[in-house]
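**Student:** Fold the following.
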Amino acid sequence: MRTARNTVNTLARLNDGTTLHILPLIPQDKNCLQAGYMCLSKRSRYYRFLTFQKKLNDKQLKYLTEIDYIKHFAPGARLASQYGKGIGIGRFVRIAEEPDTAEVGLITIDAYQQKGLSTLFLQLLAQYARQNKLRIFRGYVLEDNHKLLNFVRHFHANISWEGGPVLKVDIKLSDIETAPYQLRPVYLPDLKKRVVSVPKIQSSGTIQPYNG
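**Tutor:** Coordinates of the predicted model:
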């Protein structure tokens, strides 16, 4: 694993005025991720992880935070106030069998849902995905997750039935409209170690249904 993960280091503002600091996830973020998971409602946990488990297990925490930024890209959003409390994560993983496609996942704690963070993450992920010659984002959504299905329709998503209660959602990166946020670089001395250039995305992986 790279000691200096590569990715984004920016400030962003939600549509209610909340200022966020967006940084790459690192192994030391396990406790923060666990705390954010425990802030999710049972419904949000089920939509994202297909489970009602109260805590993430060690295997899940390892997968979700020990990221090489070659095959797996995952920035997280923290409040600029409140001591950097984590409120959401966006991620994509390239699919080996379909080299122009990546599986995408979005999660926001309940208190900050419906404020534009999913749109911000989708825009940000798309910027990095385009640099790595990706063309499509794919997600798997439970058929009763109406809020998320309405959200992806704004991006002209191709929605198909995969059997059972799960729908497959494909979104062309070209259909992801510019989100109404101004992202700008942040250069803080204590954060420089997190910022390096973006590598090419390779290999494959899998993530689970997402919830905005």
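**Student:** check contacts around the nearest residue to His156 once chain neighbours are set aside.
**Tutor:** The shortest distance from His156 to any non-neighbouring residue, by Cβ to Cβ, 6 or more residues apart in numbering, is to Asp175 (4.5 Å). C-betas here are computed from N, CA, C, even on glycine. Under the criterion of Cβ atoms under 8 Å, 6 or more residues apart in numbering, the contact list for Asp175 reads Phe155, His156, Ala157.
**Student:** do you know how far Ile159 is from Lys168?
**Tutor:** According to Cβ to Cβ, to the nearest Å, Ile159 stands 7 Å off from Lys168.
**Student:** Equivalent analysis for Glu97, please.
**Tutor:** Taking Cβ to Cβ, one finds Glu97 at 14 Å from Lys168.
**Student:** if you count what's nearby, which of those two comes out ahead?
**Tutor:** Of the pair Glu97 and Lys168, Lys168 is the one with more neighbours under other Cβ atoms under 10 Å, namely 15 against 6.
**Student:** tell me the contacts of that one?
**Tutor:** Applying Cβ under 8 Å, 6+ apart, one finds that Lys168 lies in contact with Arg138, Gly139, Tyr140, Ile159, Ser160, Trp161, Glu162.
**Student:** my read: the second one touches Val104, true?
**Tutor:** Yes. Counting by Cβ atoms under 8 Å, Gly139 sits close enough to Val104 to count as a contact (5.2 Å).
**Student:** just the helices in this protein please.
**Tutor:** 30-38, 42-49, 58-65, 117-131, 146-153 (DSSP state H).
**Student:** ranking those helices by burial, who's on top?
**Tutor:** Most buried of the helices of the chain, by mean neighbour count (mean count of other Cβ atoms under 10 Å): helix 117-131, with a mean of 21.
**Student:** from the chain's centre, how far out does it sit?
**Tutor:** Centroid separation between helix 117-131 and its chain, computed with Cα atoms, centre = their mean, to the nearest Å, is 9 Å.
**Student:** Which elements pack onto it?
**Tutor:** strand 19-24, strand 72-73, strand 75-79, strand 86-95, strand 98-108, strand 136-142 (3 or more Cβ pairs under 8 Å, 6 or more residues apart in numbering; DSSP states H and E).
**Student:** Centre of the chain to stretch 89-101, how far?
**Tutor:** The chain centre lies 12 Å from the centre of stretch 89-101; the measure is Cα atoms, centre = their mean.
**Student:** hang on, the earlier thing: using JSON lines, lay out the helices of the chain together with distance to Ala12 and mean pLDDT.
**Tutor:** As requested, these are arranged in JSON lines below (distance: least, Cβ to Cβ, whole Å; pLDDT from 0 to 100):
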{"stretch": "helix 30-38", "distance to Ala12": "17", "mean pLDDT": "92"}
{"stretch": "helix 42-49", "distance to Ala12": "21", "mean pLDDT": "87"}
{"stretch": "helix 58-65", "distance to Ala12": "21", "mean pLDDT": "93"}
{"stretch": "helix 117-131", "distance to Ala12": "6", "mean pLDDT": "89"}
{"stretch": "helix 146-153", "distance to Ala12": "18", "mean pLDDT": "91"}
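**Student:** Reformat those into a markdown table and put distance to Ile89 next to each item.
**Tutor:** Listed next are the helices of the chain as a markdown table, based on distance: least, Cβ to Cβ, whole Å:
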| stretch | distance to Ile89 |
| --- | --- |
| helix 30-38 | 8 |
| helix 42-49 | 10 |
| helix 58-65 | 8 |
| helix 117-131 | 8 |
| helix 146-153 | 15 |
